[in-house]
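Novice: sequence below, structure please.
(chains A and B)
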Amino acid sequence: MPGSVPGGDTPPHRYNAALAAEIEARWQARWAADGIYETPNPSGQLASDQGAGGPKLFIMDMFPYPSGSGLHVGHPLGYIATDVYVRFKRMAGFNVLYTMGFDAFGLPAEEHARQTGQHPRTNTEANIDNMRRQLDRLGLGHDKRRGVATTDVDYYRWTQWIFLQIFNSWFDPEAGRARPISELVDQFSSGARQAPDGRSFHGLSEAEQRELVDGHRLAYVADAPVNWCPALGTVLANEEVTNQGRSERGNHEVFKRPLKQWMMRITAYADRLLEDLDRLDWPESVKTMQRNWIGRSEGAFITFPAAGSLKEPSSDLEVFTTRPDTLFGTTYMVLAPEHPLVEVLTADAWPSGTPDYWTGGAATPSEAVAAYRARASEMSDADRSESKSGVFLGAMALVPFTDSRVPVFIADYVLMGYGTGAVMGVPGEDQRDREFAEAFGLPVVRTVQPPDDHPEDLAYTGDGPSINSRFLDGLDVEGSKALILERLEEAGLGRPTVNYRMRDWLFSRQRYWGEPIPIVHDEHGPVALPEDQLPVELPELVDWAPRALARDSEPEPPLGRVTEWVETDLDLGGGVRRYRRELNTMPQWAGSCWYYLRYLDPRNDGCLVDPDVERYWMADPEPEGVGGVDLYVGGVEHAVLHLLYARFWHKVLYDLGHVSGPEPFKRLVNQGYIQAYAFKDGRGIYVPADEVEGSLQAGFTHEGQPVTRELGKMGKSLKNSVTPDDMYASYGADTLRLYEMFMGPIDQDRPWETRSVIGSQRVLQRVWRNILDEETGELRVTDDGADDELLRLLHRTIDGVRSDMEGMRFNTAIAKLTELNNELTRRGSGAPRQVADAMVRMLAPLVPHFAEELWHLLHGDGAASVAQTGFPEADPALLVTDTVEVPVQVNGKVRGRVTLAADAGEEAAVSAALAEPNVAAHVGGRELRKQLYVPGRMIALVV
RNA sequence: GCGGACGUGGCGGAAUCAGGCAGACGCGCUGGGUUUAGGUCCCAGUACCCACCAGGGUGUGGGGGUUCGAAUCCCCCCGUCCGCACCA
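Specialist: Below is the predicted model of the structure:
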């Protein structure tokens, strides 16, 4: 334990873990008592008598889930970074809103409840307390009054309120935005908008009217195939299912199951979610992930009349394609195995001449289809991609504008969830179709002339003149697309369309520990509760007994067990009636979709946020700006889910006039992960990393046995966690903060090395010693002014640290401060007061307790907090120098340095360079072919 | 396969935005000092090779190019990490 040796000869006033602990506790208590991190609102309950000074800034971390297992040193990395930045900005004169809440609904608390019988709220609150304790020790400058937990009834009341806003809205495609559902009802009612089948709205029954209107809502109930995860006892959003078809949480099996579920119409916002990405200051990787997730592609729907072996003559096939120009290269069609037309199209018997390998060896098409479907449902997605498979339906389809009849197959390379679940097979122009055609002996017709060097056996996807395409021949891809679409539209057989990979957001969960959905049901469907009946509080639920979570079980919302709660008598307008409550709860993402808004006005019980307060913090100063949180820091794992859902909700609230800008998060930074070495023994079992001995050269051992080293995520499973509590005990919170910020750029992953932490403590010890005598505790600062050289170094440091802090390059800011302090150390005497003063203020954002202690030693106990002083400003006059030392290159190699007047011209610079002996030796009297002087940077000579 | 990011000492990283002294700062390591000892703390050295020094040569994954000058800009290749992945 460095610095904590008892009874040694450690000087009594050395800065070590014990002293740090005392300083940190003392200042944290004082800061809390003085409320120095409380940020005023412009009006309302959190306004200040002094008013809100300086330009506003809203800085946020992604709020954590209060896990029961505690923190490791990787967790606070982002929090420390935002805290340093916030403190810097406050000292630079900004009114900064900075706080933290908890995303506290979720599965783990409910699982814990099932195991222990303890109410999830008890467990959740205990976890929050523990996490607060660990985080408070870091000295983060949060405005504690503003922290919220999504599980607070006063909070989820507003989550439910937002749900009602969404439920009570529809997306008007002409206006391109959400509007109140009442305006849609008015349109139907007045006849301005026709019901789809041309009937008058007033001619519809109540049930029909409700169904029509409900079908337009942004939150709606749909009977759709959903991801049912029996092991978790709930359905999951597409976003929560991995590519392997398993649950992201826990890696459990997930099954497709048709169910009535709440959906959110996020697809209506697909284009706006895509377009506005261009206006955000976000990492390019995150924008790319969102673009890929939305998956916009322009193409066309084309109708292929079914031909032959028809049970129903009208069962035409509609496909989606991005390449309508290749229509005449269609030599077959494929439906997804689950496609609803499969039953209709499947022939009674194989047409004569059907090859055996088209039948899957079955006696009839129906048997082949049944067998293929059964096989496909058992195969994992990974197995599927191995090779192309499928079976013939015995049916044919007609290619538009031709007499060409092509066979119809089902195959699992066509997905029901994308486009129409049916494709036209064009093996000449699509490599997947090519592979299928080869497997099934289907003809290949090229419709675009490939270049001469294009391999014969590959599809050609590039541009070129159309061939074998009738009236398209000779046109390029672009021209062919335009003409074929024109002809298809004339013929009523096709139209341009935009297709998205993104689907609507599946919003309901069969869980207890989530926000109740504020809906009741009557015989016609869902009815919104009026706002004055919010919150709908979670009923107490005592029955935590686990249910059988068998593979073939049905989703069962736990709230259904609270029978006296389920049935409720309400007067929603037409007198008291009996309603049945909605039993599903919201997904964990709901609470995190809008918490940044509640930070602004956490105690307001009249609205979710006061409009005046919202505008102050969220409106963009630039007229073209998107507004929102000025800086949002969090892990890249939320690139799609949380950040997409929050943007969607924010846009709905924007359309309805509740917020002032279209985007919630103007600037996003992803902090890197802290990795740690993990060690495996000979059996491949991880051993506790802190018990391993040895080195890379000598080899690593655990209890005498050799172990192998690898780098991985810090955590329990790799037995390589290091906790902040360990670091507080060994070094103190300020050293931990300094080390984490010094390790590297904020957005980069980096390996944790406990043995390196000592370096950051040494830096602080040396600063301490330059200001204070370790033996006596007396100040060592001198009242002599700093000499010119030191003063210039100080101001260069201020200039550099300021711009590094501004750019969140804390590692280089720390390096510059270390250099300044090393210079003081080199000089040996005490630091001149003005230098000590500036250095302490520059350190204050990084090591707030340490700096506060020194600040008060320098200025007396009655002084204001260093956090409330200004950040030092560089004197421009001290940044320019009279003379500069410039390297001299001869033929591209540095051969010497000369000192020049700062304003020296090229001739003076070159003659000074030639006078330098080593330069002269390399020039060797030869004639200069070229000379140039980049003022202050470089003299280059060419001979 | 497609898309993105990246590649610098034994290690983390700096210089990359704007081409201009590569290796700031820290860890580790080596030597020395303090200390009864270990640890702590302090001082010096530390890219590689040659050299007593002065100095010279090589060097930023590899190859090529632009330039007086390239870690930085351009092209090709190799490698690592991340995301997507039969999306019609």
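Novice: drop to CA atoms for contacts and neighbour counts, all remaining ones
Specialist: Noted.
Novice: quick check: residue A:897 is in a helix.
Specialist: No: the assignment for residue A:897 (DSSP: H, G, I helix; E, B strand; the rest coil) gives strand, which keeps it out of a helix.
Novice: that one: what's it in contact with?
Specialist: The contact partners of residue A:897, by CA atoms under 8 Å, 6 or more residues apart in numbering, come to A:885, A:886, A:887, A:888, A:913, A:916.
Novice: spatially nearest residue to the first one, not counting backbone neighbours?
Specialist: Pointing back at residue A:885 there. Counting by CA to CA, 6 or more residues apart in numbering, the nearest residue to residue A:885 once its immediate chain neighbours are dropped is residue A:899, at 4.3 Å.
Novice: in this structure the one you found contacts residue A:884, no?
Specialist: Yes: between residue A:899 and residue A:884 a contact is recorded at 5.5 Å, counting by CA atoms under 8 Å.
Novice: how many neighbours does residue A:261 have?
Specialist: Neighbours of residue A:261 under the rule other CA atoms under 10 Å: 18.
Novice: return the set of buried residues in the helix or strand containing it.
Specialist: With elements taken from DSSP states H and E, the one containing residue A:261 is strand A:255-264. For strand A:255-264, a neighbour-count test (16 or more other CA atoms under 10 Å) marks A:255, A:257, A:259, A:261, A:262, A:263, A:264 as buried.
Novice: in the stretch 151-300 of chain A, which spans are helices?
Specialist: Here the stretch 151-300 of chain A has its helices, by DSSP state H, counting those that start in this stretch, at A:153-167, A:181-190, A:206-214, A:270-275, A:284-294.
Novice: and the fourth one, what's buried?
Specialist: Which is helix A:270-275. Going by neighbour count (16+ other CA under 10 Å), the buried part of helix A:270-275 is A:270, A:272, A:273, A:274.
Novice: surely the third one is in contact with residue A:649?
Specialist: No: counting by CA under 8 Å, residue A:649 is not a contact partner of residue A:273; they are 10.9 Å apart.
Novice: quick one: distance of stretch A:427-443 to the chain centre.
Specialist: Taking CA atoms, centre = their mean, to the nearest Å, one finds the center of stretch A:427-443 at 39 Å from the center of the full chain.
Novice: extract the CA atoms of that stretch and return them as PDB.
Specialist: Output for stretch A:427-443, consisting of C-alpha atoms alone and laid out as PDB, is shown next (Å, rounded to 0.1, in the frame of the first residue of the first chain):
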ATOM      1  CA  PRO A 427     -29.700 -14.400 -61.800                       C
ATOM      2  CA  GLY A 428     -27.900 -12.300 -64.400                       C
ATOM      3  CA  GLU A 429     -27.800  -9.200 -62.200                       C
ATOM      4  CA  ASP A 430     -27.900 -10.400 -58.600                       C
ATOM      5  CA  GLN A 431     -25.300 -12.800 -57.200                       C
ATOM      6  CA  ARG A 432     -27.700 -14.400 -54.600                       C
ATOM      7  CA  ASP A 433     -30.200 -15.100 -57.400                       C
ATOM      8  CA  ARG A 434     -27.300 -16.400 -59.500                       C
ATOM      9  CA  GLU A 435     -26.400 -18.900 -56.800                       C
ATOM     10  CA  PHE A 436     -30.100 -20.100 -56.500                       C
ATOM     11  CA  ALA A 437     -30.400 -20.400 -60.200                       C
ATOM     12  CA  GLU A 438     -27.300 -22.600 -60.400                       C
ATOM     13  CA  ALA A 439     -28.600 -24.800 -57.600                       C
ATOM     14  CA  PHE A 440     -31.900 -25.300 -59.400                       C
ATOM     15  CA  GLY A 441     -30.700 -25.300 -63.000                       C
ATOM     16  CA  LEU A 442     -32.600 -22.100 -63.900                       C
ATOM     17  CA  PRO A 443     -31.700 -20.100 -67.000                       C
END
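Novice: now that stretch: average pLDDT?
Specialist: Average pLDDT, stretch A:427-443: 92.
Novice: and it, is it in reach of RNA strand B?
Specialist: Yes: under the criterion of CA under 7 Å from any atom of the strand, stretch A:427-443 makes contact with RNA strand B via residue A:432.
Novice: what residues of that stretch count as buried?
Specialist: Counting neighbours by 16+ other CA under 10 Å, the buried set in stretch A:427-443 is A:427, A:428, A:429, A:430, A:431, A:433, A:434, A:435, A:436, A:437, A:440, A:442.
Novice: can you tell me what sits against it?
Specialist: Surrounding stretch A:427-443, the residues in contact under the criterion CA under 8 Å, 6+ apart are A:326, A:329-332, A:357-358, A:388-389, A:425-426, A:444-448, A:458-461.
Novice: just to revisit the earlier point, and residue A:899 and residue A:884? which has more neighbours close in?
Specialist: For residue A:899 against residue A:884, the residue with the higher neighbour count under other CA under 10 Å is residue A:884, and the figures read 17 against 14.
Novice: and the more buried one, what helix or strand is that in?
Specialist: Per DSSP H and E, the secondary structure element for residue A:884 is strand A:883-890.
Novice: which other helices and strands contact that strand?
Specialist: In terms of contacts (3 or more CA pairs under 8 Å, 6 or more residues apart in numbering; DSSP states H and E), strand A:883-890 is packed against strand A:893-901, helix A:917-923, strand A:938-942.
Novice: residue A:221: which of those is closest?
Specialist: When the helices and strands packed on strand A:883-890 are compared for distance to residue A:221 using CA to CA, the nearest one is strand A:938-942, at 70.8 Å.
Novice: that closest one - what's its average pLDDT?
Specialist: For strand A:938-942, mean pLDDT rounds to 83.
Novice: ok, stretch A:172-184 next?
Specialist: Mean pLDDT, stretch A:172-184: 95.
Novice: over to stretch A:572-592?
Specialist: Per-residue pLDDT values over stretch A:572-592 give a mean of 91.
Novice: also stretch A:39-59?
Specialist: pLDDT averaged over stretch A:39-59 equals 86, rounded to a whole number.
Novice: got the residues of the stretch 201-350 of chain A near RNA strand B?
Specialist: By CA under 7 Å from any atom of the strand, the part of the stretch 201-350 of chain A that sits against RNA strand B consists of A:243, A:284-285, A:288-289, A:292-293, A:295, A:297, A:299, A:320-323, A:336.
Novice: what does the stretch 351-500 of chain A give?
Specialist: Within the stretch 351-500 of chain A, the positions adjacent to RNA strand B are A:381, A:384-388, A:412-424, A:432 by CA under 7 Å from any atom of the strand.
Novice: mind doing that once more with 6 Å?
Specialist: Counting by CA under 6 Å from any atom of the strand, the residues of the stretch 351-500 of chain A close to RNA strand B are A:384-385, A:387-388, A:412-416, A:418-419, A:421-423, A:432.
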